[in-house]
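[1] the following comprises the amino acid sequence and a computationally predicted model.
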Amino acid sequence: MAVYLDTNSSYEDYRMLRSDAFFVDKSGMIEKISRQINTKNRFICITKPRRFGKTSVLNMLGAYYGKAHDSKELFDGLAVSKSESYMTHLKQYHVMKISFNELSGKGRTYSDYIGRFQKLIENDIRQAYPSLTDTEYDSLPDLLAASGDKFIFMIDEWDYIFSHDLYKESQLDFLEWLRDLLKDRPYAALAYMTGVLPIKQYSTGSALNMFDEYTMLNDAYYDEYFGFTEEETAALCAKQSKLSMNEISEWYNGYLTDDGGRLYNPRSVVMALNRGKCQSYWTRTGKTDEVLSFLKYNISEVRNDIVKMVNQMPVRIEILAEYTAGQGTPSGQKEIYAAMIVYGLLSYHDDVLSIPNKELMLEFQKALEDDDFDYVAELVRNSYRILHATLEQQEDELVSYLHNIHNSEIPILQYNDENSLSCVVTLAYLSAGNKYRIVREEKRGKGFADFIFYPRQKNLPGIVIELKADDTPQAAVRQIKEKEYCEKLKQEKTERILLVGISYDTKRKEHRCKIEQI
């Protein structure tokens, strides 16, 4: 049985995906890929974060192009079936599907690793072309060329030995092996390669410089096919009744296409809809402490930016260089951010960094509790006590906590205005996100409320917070009532609502608080 050539794996995997209740049609990408076949642009490398649909798209392409199976029934009715080239390329090619996350069972050296691929590909070719069986060839490319056919190469997890720090002394040899297999080879009708890490382009003479790369920092052509768009996600939500689009958006929205369209993490959306519950799914597929591991590389420079992002404040920075395969441990602010963008931990668009969504926000909040963040960690840990003080209407204790936060060494909190006070409140209530959906500056009633806390549990009260600089907390509470900021909470039949007025005297540098229940 063949291992890589003309196997049924792509067909079977895509057939199962096609029958899934939450299937999303990404076949429009096929027409774009088909334009590159047998051209100078036939080498394509897609690098996106894990669980963004890279393997699903690869299986879709393999199922469509592969001649080993009649896949027409899988694609009839999909977007690609409406294209003029639909039948031109359907099941017309020998497909060589290789995943480089497979290790040798005979040894742990690089020779064992690459030797396995070399041997199995050679066996597949000789099995498919019996006339080549008794002839010796100097290399695998010579054997492939002797077949006289053209092949489409589907290469998954091309960067596995880089992302898993394997065979460091032989990683350049691996790049050369790939180059020798593909570059300038007439038998390669198309090479479609995926991974998390972009190719390291040392110079125009780099081993794999024939590939056009599409990355998290540079993809205006295929970006909509990796992740679910706003329209696709809304259509999936309409198929079930447990979770609303608002809930899905809060948890999993946050990435952007090149033209500003919203993208959702596909695995997390599907898991949430299948289970009927929003929680962290994607972050569980990798190291649980990976956010913290990146932040620890350069805590002093990135700490204040992370505090800003946690406060939903824009962090503007120009990041031009990719974090690439073989680069090693990132150092310096921009390298750390580039790495976090590549891994999907941060979103980047129009020179603005942000934490994509609640799923990742929880990871950043957890990271900030680490002792290496000294006073920031203490502030985050205190946020549990602050919520308790609010719920118990302990005004003096709440004031004490707010005062300590405002007097911390975080630069963005040193300004005497309501914006600074808003940041203080955000830090104070970080832990509340587990029990509340927190909305800032939401249009409610006759104006904008500074903060509204929508309870996730029926036994919890709703909370409305209004901030005042150089005024009284009583005036803040009065404004909540007069401008009817509680109306949405009342409409949602919230039984108890806490009105919290917080003021800051910029001359005396004092906080005051008033908590009233209605």
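    Structure received.

[2] how about the helices in the stretch 251-400 of the chain?
    Using DSSP state H, counting those that start in this stretch, the helices found in the stretch 251-400 of the chain span residues 266-275, 290-295, 299-310, 333-342, 358-368, 374-391, 395-406.

[3] the stretch 401-518 of the chain too?
    Counting by DSSP H, counting those that start in this stretch, the helices of the stretch 401-518 of the chain are 418-428, 473-482, 487-491.

[4] do the same with the stretch 101-250 of the chain
    So, for the stretch 101-250 of the chain - with DSSP H, counting those that start in this stretch - the helices run 110-128, 140-146, 160-163, 171-182, 230-237, 245-252.

[5] can you dump the C-alpha atoms of the first one in CSV for me?
    When you say that, I think you mean helix 110-128. The C-alpha trace of helix 110-128 is given here as CSV (Å, rounded to 0.1, in the frame of the first residue of the first chain):
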residue,chain,number,x,y,z
TYR,A,110,18.1,13.2,11.6
SER,A,111,19.3,10.5,9.3
ASP,A,112,16.5,8.2,10.6
TYR,A,113,14.0,11.0,10.2
ILE,A,114,14.7,12.1,6.7
GLY,A,115,15.7,8.5,5.6
ARG,A,116,12.2,7.3,6.3
PHE,A,117,10.6,9.9,4.0
GLN,A,118,13.2,9.2,1.3
LYS,A,119,12.6,5.5,1.4
LEU,A,120,8.8,5.5,1.6
ILE,A,121,8.5,8.0,-1.3
GLU,A,122,10.8,5.9,-3.4
ASN,A,123,8.8,2.8,-2.6
ASP,A,124,5.6,4.5,-3.6
ILE,A,125,7.0,5.6,-6.9
ARG,A,126,8.4,2.2,-7.8
GLN,A,127,5.1,0.6,-6.8
ALA,A,128,3.2,3.0,-9.0
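
[6] that one: how far from the chain's middle?
    Computed by Cα atoms, centre = their mean, to the nearest Å, the chain-centroid distance of helix 110-128 equals 34 Å.

[7] start at 252 instead
    Got it, first residue is 252 now, which makes that one helix 361-379.

[8] may I see the buried residues of it?
    Y361, Y364, I365, R367, F368, L371, I372, E373, D375, I376, R377 (16 or more other Cβ atoms under 10 Å). (Glycine included, C-beta is placed from N, CA and C.)

[9] the second one against N352, yeah?
    Going back to what we said before, that points to Y364. No: counting by Cβ atoms under 8 Å, Y364 stays clear of N352, with 10.8 Å between them.

[10] follow-up on the earlier one: which among the helices of the stretch 502-651 of the chain is found nearest to C764?
    Between C764 and the helices of the stretch 502-651 of the chain, the tightest spacing by Cβ to Cβ is seen for helix 646-657, at 4.6 Å.

[11] give the rounded mean pLDDT of that closest one.
    Confidence for helix 646-657, expressed as mean pLDDT, is 88.

[12] got the contact list for the residue positioned nearest the centre of the chain?
    Of all residues in the chain, the one closest to the mean position by Cα atoms, centre = their mean is G595, 3.6 Å from it. Counting by Cβ atoms under 8 Å, 6 or more residues apart in numbering, G595 makes contact with K299, P300, R301, F303, M467, Y506, N516, W533, P607.

[13] give me phi/psi at it?
    Phi and psi for G595, reported as degrees, to the nearest 10, are phi 80, psi 10.

[14] ok so, going back, among the helices of the stretch 652-769 of the chain, show me which one is buried the most.
    The highest mean neighbour count among the helices of the stretch 652-769 of the chain, using mean count of other Cβ atoms under 10 Å, belongs to helix 669-679: a mean of 22.

[15] give me the residues contacting that helix.
    558, 561-564, 630-631, 633-634, 637, 652-653, 656-657, 663-665, 691, 701-702, 716, 718-720, 753, 755.

[16] try it again at 6 Å.
    N562, L630, S634, I637, L653, I656, H657, I663, L664, L718, A720, Y755 (Cβ atoms under 6 Å, 6 or more residues apart in numbering).

[17] which residues touch the first one?
    Same thing as N562. N562 touches C674, T677, counting by Cβ under 6 Å, 6+ apart.

[18] how deep is E335 tucked in, by neighbour count?
    E335: 7 surrounding residues under other Cβ atoms under 10 Å.

[19] check which helix or strand covers it.
    In the assignment (DSSP states H and E), E335 maps to no helix and no strand.

[20] quick one on the thing from earlier: make a markdown table out of the helices of the stretch 352-501 of the chain and add mean pLDDT and distance to L619.
    Shown next, in a markdown table, are those (pLDDT from 0 to 100; distance: least, Cβ to Cβ, whole Å):
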| stretch | mean pLDDT | distance to L619 |
| --- | --- | --- |
| helix 361-379 | 97 | 39 |
| helix 391-397 | 97 | 50 |
| helix 411-414 | 94 | 26 |
| helix 422-433 | 96 | 34 |
| helix 481-488 | 97 | 29 |
| helix 496-503 | 93 | 20 |
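
[21] and these: which comes nearest V553?
    helix 411-414 (21.8 Å).

[22] identify all contacting residues around the closest one.
    In contact with helix 411-414 (Cβ under 6 Å, 6+ apart) are residues F351, N352, Y418, V447, L448, A576, G577.

[23] now list the buried members of these.
    F351, Y418, V447, L448, A576, G577.

[24] and the pLDDT at Y473?
    Per the predicted model, pLDDT is 97 at Y473.

[25] neighbours around it, how many?
    17.

[26] how near is it to Y465?
    Counting by Cβ to Cβ, to the nearest Å, the gap from Y473 to Y465 is 5 Å.

[27] who touches I656 in this structure?
    I656 neighbours (Cβ under 6 Å, 6+ apart): L630, V675, L678, A679.

[28] what sits against the first one?
    In this structure, L630 makes contact with I656, L678, judged by Cβ under 6 Å, 6+ apart.

[29] cool, and Y316?
    Counted by Cβ under 6 Å, 6+ apart, Y316 has contacts Y344, V346, I403.

[30] how about those in TSV, adding distance to L309?
    Output for those, formatted as TSV (distance: Cβ to Cβ, whole Å):
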residue	distance to L309
Y344	14
V346	10
I403	11
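
[31] ChimeraX command for the buried members of these?
    One line in ChimeraX is enough to select the buried members of these, burial here meaning 16+ other Cβ under 10 Å:
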select :344,346,403
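
[32] which members of the contacts of Y316 occur in strands, if any?
    V346, I403 (DSSP state E).

[33] can you lay out the contacts of Y316 as CSV showing pLDDT and distance to K547?
    Output for these, formatted as CSV (pLDDT from 0 to 100; distance: Cβ to Cβ, whole Å):
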residue, pLDDT, distance to K547
Y344, 97, 47
V346, 98, 43
I403, 98, 43
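
[34] now stretch 627-641: how far from the chain's centre is it?
    28 Å.
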